[in-house]
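*Asks:* Turn this into a model:
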Amino acid sequence: MLLALAVLHTWPLVTDPGRVSLHSEDEWLNAWAVSWIARQLIRDPLDLFDANMFYPTENAYAYTEPLLVPGLMGAPLRWLGASPMLTYNLLLLAGLTLTGLAMYWLVVAWTGDPWAGVLAGAVLAFSTAMLTRLAHLQALHLYALPLALLAFDRLVRRGRSGDACRVGLCMLCAALTSGYLAVFVTVALGSALLARATELRGRHGARVLVRLAATAVVTLAVLLVSLSPYLAVQGARPLFPDAPDVGTALLSYLSTAANLHYRWWSHAIYQLRGALFPGAIALVLAGSALAARGVAPPGVRRTLVAVAGVGGLLSLGPLTPIYEWAYFLIPPLQTLRAPARFGILVVFAVAALAGLGLAALRARWPASRARAVVTAGALAAVTVECLAAPLSYRPIEYGAPIHRALQAVGSGALLELPLHSGGGGSHPNAWYLLASTEHWRPLIAGYGNGRPAGYDDLARVLSTFPSALAVARLQALGVPWVLVHTSRHPQPPEMLARLEEARGRPSLTVLGEVGADRLYRIHPEIESAPSRELADLPWSELSVRRGSADAGSFLRAFYGVSYGFALESGDRWVGYFENTSREARLQLRLPVAMRGRFIDALTGVDLGPAAVSPVPPEEPPAEVRLPADRRAVILSLRGVAAGGSG
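*Replies:* Residues are numbered from 1 along each chain as shown. As a prediction, this is how the structure comes out:
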């Protein structure tokens, strides 16, 4: 039944699961991730984290969610020939179904009523909180949460080592799926421990606490070993609220994308921050469970109230001092970007209580007809309340012919253009990751929870391709292949004109053109004499500067150009400027006298010498005029003491 509900709530996904997509960058990222896991498991499992993104960064997989548990589930599908999107979509259905099934086990263990378990599973697995995150596979594989609470409840009651081990296994499952899920399960277990503190007195309580502590130590040790690359790349995020005030944050608990409520009233308050409304029927049933007696074993309702209360408070983020205290006391919280996602703990608690409420109602009517009516009515109402189908699935084409052609050329890393960077601008790179499942070459591009230090600077330089500056950087990195998607460029005609102007340079060879895509081979040979100015750049010492807004920049201002930046170190300075007019000029405040040359960035032609002297702090910056009417110009300078040319 839960699988049938998963098919219904994700319709029309099942009609063509191998080709349809929500066209979400996060969906493509996760489809790539589970395919990468399947590939590495049989090729090089010890180097699982050396993913083919963010080249040349090591352990680049640590910039995204682990997804190891879903990846293990999906690996046999990939080995049998399933496409990345088919694998992802089947794992999506599996995650929803297994989450509902885990909730079913939890509520049946507490009530002995299978139908109450089905309702609780449906309320959680097909809540708007889940269905609005179908692009986030890690959020759909939530089964570790109810299973951990079930194992903890049994540990408190029985004090057995086996139950403690099951708590640890659930924690491992959560952490190997998602960092968020690991924190959610930890918070839920901590809340449950506080709620059940009165049951942990005497010798029994000591035995439970000792076994729980031992489990925590072993689990943490295993995670530190298996997920150690995350420690190096996942830094603390600043405390920043994702809602303007508490009132707005609380509105997310009334926000839903379900058809019935959205069309009727929720569209007026719907929040991208998070849709967390569990449904009116679920709330009514949960309320009846809290009001009734004997609907669950002792301590269960207290546990669920505690989980909901703590989750609700944390979902408000730094809008309350409680989150700020927790942020400094619990280091994993410092890595979370969206505190609103703690709201899933509230939805979980409401779903469990709704199951208890239905069990209580069914117990009041022993006659089979009345029980059947109540059960069928509750399940139908919950299904209608949560239904958001049909969803906006559309066919996707991600393996372009030119990507498949890469299998026939030599090895080496690949730069795909346009290359996206910045805090929110790297999302389009996910399409490159998904397409890389056709060839699995290392990519300069990447996408995830963060990005390596220096990636944005690298992307700024390489995005000037086919400039001599970009080629020099690629040669230094040892990247032999560049694939330009001119139709994806913000200005396709301008990009085509630049590529045509660069034809004939000895460092560039066009290997193939398929539609709007062009594949280039980068040769290691140095170009013409002027371009030798760029051959020995100390890339690791250079910082990208965009003008006076960057502290300590030698480049104070530039005029008469459409775009520009500089690479700076103590005795080297390289500027790149596009579309120079007759008024094009720079203002520089250099620390030492420098000399060098102007170079046409596209043709490599020498445009003449340049010399810039330092000026006293009290005087205006030195002014340098740029060659006019050029699509792109490079000014390469070096300290006179270092042997500048010109």
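
*Asks:* so residue 281 makes contact with residue 381?
*Replies:* Yes. The criterion here is CB atoms under 8 Å, and residue 281 meets it with residue 381 at 4.6 Å. For glycine as for every other residue, the C-beta is placed from the backbone atoms N, C-alpha and C.

*Asks:* Show me the helices in the stretch 301-450 of the chain, by range?
*Replies:* Counting by DSSP state H, counting those that start in this stretch, the stretch 301-450 of the chain has these helices, from start to end: 321-329, 343-364, 368-386, 401-405, 429-435.

*Asks:* The second one: which residues count as buried?
*Replies:* Read it as helix 343-364. Neighbour-count burial for helix 343-364, counted by 16 or more other CB atoms under 10 Å, picks out 343-362.

*Asks:* tell me the SS of residue 521?
*Replies:* strand (DSSP: H, G, I helix; E, B strand; the rest coil).

*Asks:* Begin at 43 from now on, thanks
*Replies:* In the new count, where the first residue is 43, that last one comes out as residue 563.

*Asks:* Tell me who's in contact with it.
*Replies:* Residue 563 makes contact with 451, 522, 523, 550, 551, 553 under the criterion CB atoms under 8 Å, 6 or more residues apart in numbering.

*Asks:* Please work out how many residues are found near the third one.
*Replies:* Neighbours of residue 523 under the rule other CB atoms under 10 Å: 22.

*Asks:* Give me the spatial nearest neighbour of it, chain neighbours excluded.
*Replies:* Once flanking residues are discounted, residue 523 sits nearest to residue 456: 4.6 Å by CB to CB, 6 or more residues apart in numbering.

*Asks:* rewinding a little: now the weakest link among the helices of the stretch 343-492 of the chain, please, by mean pLDDT.
*Replies:* Mean pLDDT values for those show the minimum at helix 443-447, a mean of 81.

*Asks:* Distance from that one to the middle of the chain?
*Replies:* Chain-centre distance of helix 443-447: 26 Å, with CA atoms, centre = their mean, to the nearest Å.

*Asks:* Shouldn't residue 629 be within a helix?
*Replies:* No. Counting by three-state DSSP, residue 629 is not found in a helix; it is strand.

*Asks:* Show the pLDDT at residue 450.
*Replies:* With respect to pLDDT, residue 450 scores 81.

*Asks:* Check residue 688 too.
*Replies:* At residue 688, pLDDT is 42.

*Asks:* Could you check how far residue 147 is from residue 136?
*Replies:* 16 Å (CB to CB, to the nearest Å).

*Asks:* Same drill for the two, tell me which one is more crowded.
*Replies:* Neighbours per residue, other CB under 10 Å: of residue 147 and residue 136, the larger number sits with residue 136, 19 against 16.

*Asks:* Quick check: that one vs residue 519, distance?
*Replies:* Plainly put, residue 136 is 39 Å away from residue 519 if you go by CB to CB.

*Asks:* Residue 565 now?
*Replies:* Spatial separation of residue 565 from residue 519 under the definition CB to CB is 14 Å.

*Asks:* where are the low-confidence patches of the chain?
*Replies:* 313-315, 465-468, 568-573, 591, 683-688 (pLDDT under 70).

*Asks:* Surely residue 377 is in contact with residue 278?
*Replies:* Yes. Using CB under 8 Å, residue 377 makes contact with residue 278 at a distance of 6.8 Å.

*Asks:* quick revisit: what's the closest of the helices of the stretch 343-492 of the chain to residue 500?
*Replies:* The closest of the helices of the stretch 343-492 of the chain to residue 500 is helix 471-477. By CB to CB, the value is 12.8 Å.

*Asks:* Run through the helices of the stretch 93-242 of the chain in chain order.
*Replies:* In chain order, the stretch 93-242 of the chain shows helices spanning 110-121, 126-153, 156-167, 170-173, 179-182, 186-200, 203-217, 221-237, with DSSP H, counting those that start in this stretch as the criterion.

*Asks:* The fourth one - contacts with which helices or strands?
*Replies:* It refers to helix 170-173. helix 385-406 (3 or more CB pairs under 8 Å, 6 or more residues apart in numbering; DSSP states H and E).

*Asks:* Dump the helix it packs on to CSV, restricted to CA.
*Replies:* Extracted C-alpha coordinates of helix 385-406, given in CSV (Å, rounded to 0.1, in the frame of the first residue of the first chain):
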residue,chain,number,x,y,z
GLY,A,385,10.7,21.1,11.3
ILE,A,386,10.7,17.6,10.0
LEU,A,387,11.0,16.5,13.6
VAL,A,388,7.6,18.2,14.3
VAL,A,389,6.1,16.5,11.3
PHE,A,390,7.5,13.2,12.4
ALA,A,391,6.0,13.6,15.9
VAL,A,392,2.6,14.7,14.6
ALA,A,393,2.6,11.6,12.2
ALA,A,394,3.3,9.3,15.1
LEU,A,395,0.7,10.8,17.3
ALA,A,396,-1.8,10.7,14.5
GLY,A,397,-1.2,7.0,14.3
LEU,A,398,-1.8,6.7,18.0
GLY,A,399,-5.0,8.7,17.6
LEU,A,400,-6.3,6.4,14.9
ALA,A,401,-5.5,3.4,17.0
ALA,A,402,-7.5,4.9,19.9
LEU,A,403,-10.5,5.6,17.6
ARG,A,404,-10.5,2.1,16.2
ALA,A,405,-10.4,0.7,19.7
ARG,A,406,-13.6,2.6,20.5
